[in-house]
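> Predicted model, plus sequence, below.
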Amino acid sequence: MFHITVRRGTLLDIEEWIKLVVKVSPLFPGLETCEAIAEHKNTVLEFMGRGEALCVKDGVKVVGVLLYSRKHNMLCCLAVDSDYRKLGIASALILEALRNLDRSRNITATSQNYYLVVLFASP
């Protein structure tokens, strides 16, 4: 049975992370080219450097990812391998990110870089 453990993504995860990004890229407008994937990889590395990249792995395979920004109090990117959906991976990633964000401020999420959604409004 697969056990979900969310952890911070590191440089050791980057190649498997990008394999997942390539697999799900048809669902994300703007990731259609090799250049766009390379640019996204650089973005992921920046988030990793700030400790704002989360992943779930099955062995060495990265099966779920989430980027978030403490500065902007925002969830920025979420993807789960289609073979691992409906297992609670996205929920686990979001809950862990929310633990690292300021719940006294509005928390927002971007979706395919098109719009902003307020997830939690501060009182």
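It's in. Numbers count the residues shown, from 1 in each chain.
> what about the residue most central in space within the chain, which helix or strand?
Centroid-nearest residue in the chain: residue 66, 1.4 Å away (criterion: Cα atoms, centre = their mean). Assessed by DSSP states H and E, residue 66 sits inside strand 61-69.
> In three-state terms, label the closest residue to the residue nearest to the centre of the chain other than its chain neighbours for me.
Spatial nearest neighbour of residue 66, excluding adjacent residues (Cβ to Cβ, 6 or more residues apart in numbering): residue 93 at 4.0 Å. All C-beta atoms are positioned from the backbone trio N, CA, C, and that covers glycine. When classified by DSSP: H, G, I helix; E, B strand; the rest coil, residue 93 comes out as helix.
> Compute the number of surrounding residues for residue 93.
24 (other Cβ atoms under 10 Å).
> Now do the same contact list for it.
6, 54-56, 64-66, 78, 80 (Cβ atoms under 8 Å, 6 or more residues apart in numbering).
> Please, where are all the strands along this protein?
For the chain, applying DSSP state E gives strands covering 6-8, 53-58, 61-69, 74-80, 107-111, 115-120.
> if I look at residue 17, how far off is residue 105?
Note on residue 17: its distance to residue 105, by Cβ to Cβ, to the nearest Å, is 28 Å.
> Residue 25 now?
Distance from residue 25 to residue 105, by Cβ to Cβ: 32 Å.
> Kindly report the same for residue 24.
29 Å.
> Over to residue 59?
37 Å.
> Neighbour count: these two, which is higher?
Per other Cβ under 10 Å, whichever of residue 59 and residue 105 has more neighbours is residue 105, with 12 against 8.
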